[in-house]
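Colleague: Turn this into a model:
(2 chains)
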Amino acid sequence: MRGRAYVFGDNIDTDQIYPGRYLHLVKPEEIKEHVLENADPTFSRRFQPGGIVVAGRNFGCGSSREHAAITLKEAGVAAVLAESFGRIFFRNAINLGLPLMIVKGIRDKVKEGDEIEVDLESGVVTLPDGCKIQGEPLSQYILNLIRHGGIKNLYKSGYRPKPE
Amino acid sequence: MGMTITEKILAVHAGKEKVRPGEIVQVRPDLLMTNDISGPIAVDVFKSMGAARVFDPEKVVIVLDHFTPNKDVKAAKSSTKMREFARSQGIVHFYDAGFGIEHVVLPELGLVRPGDLVIGGDSHTVTYGALGAFATGVGSTDLAGAMALGEIWLKVPETIRFEFTGKPSRWIGGKDLILLAIGRIGVSGALYCAMEFGGEAIANLGMDGRFTMCNMAIEAGAKAGIVEPDEKTLAWLNGIRDDISSQTIGLLHSDEDCAYKSVIRFDVSDLEPQVAVPHLPSNVRPVSELKDVEIHQVVIGSCTNGRISDLRAAAEILRGRKVNKWVRTLIVPGSQRVYRQALQEGLVDVFIDSGAIVAAPTCGPCFGGHTGVLDEGERCVSTTNRNFLGRMGHEKSEVYLSGPYVAAASAIAGRIAHPEEV
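Modeller: Coordinates of the predicted model:
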């Protein structure tokens, strides 16, 4: 996939991605209105669907609220690339079919507005100048989940996950 | 090579002799838990998956505690949805608005035993590790899958051992110890790991303090917090359920030859009360460095510090004194049981006499949901667990995390204060 980068810093927690005051919303179309609102109140207005969120360490730390993964997915975020992730957010994103990848060093190499290309299979991120950064590719198990659009669709298709 | 207590619990639930960190195992949880935040989405996912019945209506606990008592009509609809689900599924352990905060309620009802494996639709599910259980938080979709299948996959975490030695001063509680640890390792310092707390200071710490510590393991990114059960655990449980023997808990220890990722040691003999300043729980300072910080609100409560020991600590400071005229002081007992005990011990009189407000058990203030939402520019000293940007209200408000002694002293002083100052 290819998309415009929207760049954030370290420790973008779940309250910054989706503020607690909106946790009583359940409908995806309402949840997406508040995407990254505490991190950047202008984000939902300026974000173009298909964009790629790039962040520093520990993106999605904090709460288990699935709203954080839902809001990014529904707003049209194509992928999230970060130095590391909070573990519950990481799991939630995969379960919903929101692609994400750990890419060490990405925060300092990508600038706001850069057009970047991401290959989830190989884990390679290509920058506008042609430079390539190697991320940690997702396992086939997880790629399969993402391809199906998350665990719900996979379950409906009759698949039952087995331990590796 | 031996196993840690965390590895032992995961092995038992995976039906294996041994497990190793990094291994992915399919486990059968003893208990699933959800609330009015993760629950409504989990119910939608559960239904749209085509699942009909939960795997076991005695093993799914529902507690309505976040936007309750209902904040508005949308919140009311979430509660209604969970009530209907509980009724139609025959959920045995359903606790409606005001009964209490999930992580206070489940242990006090005896629903969690040492050695249990608990999966909860809330990140602070890690609290139950204080009983020697493995407990971790997941999102709604994971929860829906587990409700349907009675199984979930987990990666076996590495364990970091935190060893606390020394006898701390009377003003030091579980909150100060866990803030000290998070301050040392950072908010992702235990990412994907289990934090195992031990040593002399933990042996001497009461169960309420251990709940506080395990509760905040997630603030260092951990998958679980855990304390090996001991005689204190047993004594606490024996007041609640009579089927736990010292033989059971005797098995729940990390082997001497287990492999820790690392061991981190703290001497807490001269520790000052700790405060986490905005906007991360790892921005930890000794209270003496923060004496010029004026405040507008104090909150004492939550799944972190809403238990009876916490209210006793607050009352010890507030007895016979008045809170500052310009500091709203909100005291939120963690459950109806805690509330009644506070009443019987005369603590509620102490709070009301001091000018504090006593509210119904709820998670409301902690996450900026309702009851004590902060305005722009306001500062709050709170015994809760997160001081993220905008956590308790306006994105230009500030949260300082502390234990109940510092929070109560600050309510009197009108600024962040050491309990010995008031």
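
Colleague: element containing the closest residue to A:His148 other than its chain neighbours?
Modeller: Sequence neighbours aside, A:Leu154 is the residue nearest to A:His148 in space, at 4.4 Å (criterion: Cβ to Cβ, 6 or more residues apart in numbering or on different chains). (C-beta placed from N, C-alpha, C; glycine too.) Secondary structure from DSSP states H and E places A:Leu154 in helix A:151-156.

Colleague: Pull the residues that contact that helix.
Modeller: Residues outside helix A:151-156 that contact it (Cβ atoms under 8 Å, 6 or more residues apart in numbering or on different chains): A:94-97, A:144-145, A:148, A:161, B:45, B:48-50, B:141-142, B:144-145, B:148.

Colleague: ok, of these, which come out buried?
Modeller: Among the contacts of helix A:151-156, those classed as buried by 16 or more other Cβ atoms under 10 Å in any protein chain shown are A:94-97, A:145, A:148, A:161, B:45, B:49, B:141-142, B:144-145, B:148.

Colleague: Export these as a markdown table, with columns for secondary structure, distance to A:Tyr6 and pLDDT.
Modeller: Putting the buried ones among the contacts of helix A:151-156 into a markdown table (DSSP: H, G, I helix; E, B strand; the rest coil; distance: Cβ to Cβ, whole Å; pLDDT from 0 to 100) gives the following:
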| residue | secondary structure | distance to A:Tyr6 | pLDDT |
| --- | --- | --- | --- |
| A:Ile94 | helix | 21 | 93 |
| A:Asn95 | helix | 23 | 92 |
| A:Leu96 | helix | 19 | 94 |
| A:Gly97 | coil | 20 | 93 |
| A:Leu145 | helix | 24 | 84 |
| A:His148 | coil | 26 | 88 |
| A:Pro161 | coil | 32 | 52 |
| B:Val45 | helix | 28 | 95 |
| B:Met49 | coil | 32 | 90 |
| B:Thr141 | helix | 25 | 96 |
| B:Asp142 | helix | 27 | 95 |
| B:Ala144 | helix | 30 | 96 |
| B:Gly145 | helix | 31 | 92 |
| B:Ala148 | helix | 36 | 93 |
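
Colleague: Which one of these is nearest to B:Ala413?
Modeller: Of all the buried ones among the contacts of helix A:151-156, the one with the least separation from B:Ala413 (Cβ to Cβ) is B:Asp142, at 44.1 Å.

Colleague: who's B:Val25 bridged to?
Modeller: In this structure, B:Val25 bridges to B:Leu154 when assessed by DSSP bridges.

Colleague: and it, how many neighbours?
Modeller: B:Val25: 19 surrounding residues under other Cβ atoms under 10 Å in any protein chain shown.

Colleague: Which secondary structure state does B:Cys303 sit in?
Modeller: helix (DSSP: H, G, I helix; E, B strand; the rest coil).

Colleague: what's near enough to touch the closest residue to it other than its chain neighbours?
Modeller: Of all residues not flanking B:Cys303 in the chain, B:His103 sits nearest, at 3.8 Å (Cβ to Cβ, 6+ apart). B:His103 makes contacts with B:Asp122, B:His124, B:Thr125, B:Thr127, B:Tyr128, B:Phe211, B:Asn215, B:Cys303, as judged by Cβ under 8 Å, 6+ apart.

Colleague: For ChimeraX, write a command that selects the buried ones of those.
Modeller: A single ChimeraX command selects the buried members of these (16+ other Cβ under 10 Å):
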select /B:122,124,125,127,128,211,215,303
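
Colleague: export the contacts of B:His103 to CSV and tack on secondary structure and distance to A:Val124?
Modeller: Output for the contacts of B:His103, formatted as CSV (DSSP: H, G, I helix; E, B strand; the rest coil; distance: Cβ to Cβ, whole Å):
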residue, secondary structure, distance to A:Val124
B:Asp122, coil, 37
B:His124, helix, 38
B:Thr125, helix, 36
B:Thr127, helix, 41
B:Tyr128, helix, 42
B:Phe211, helix, 45
B:Asn215, helix, 40
B:Cys303, helix, 42
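
Colleague: thinking again about what came up before, and the helix holding A:Leu154, how far out from the chain's middle?
Modeller: Chain-centre distance of helix A:151-156: 19 Å, with Cα atoms, centre = their mean, to the nearest Å.

Colleague: Please put the alpha-carbon coordinates of it into PDB.
Modeller: Provided in PDB are the C-alpha atoms of helix A:151-156 (Å, rounded to 0.1, in the frame of the first residue of the first chain):
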ATOM      1  CA  ILE A 151     -11.400 -12.100  13.800                       C
ATOM      2  CA  LYS A 152     -15.200 -11.700  13.400                       C
ATOM      3  CA  ASN A 153     -15.100 -12.400   9.600                       C
ATOM      4  CA  LEU A 154     -12.600 -15.200  10.100                       C
ATOM      5  CA  TYR A 155     -14.900 -16.800  12.700                       C
ATOM      6  CA  LYS A 156     -17.900 -16.500  10.400                       C
END
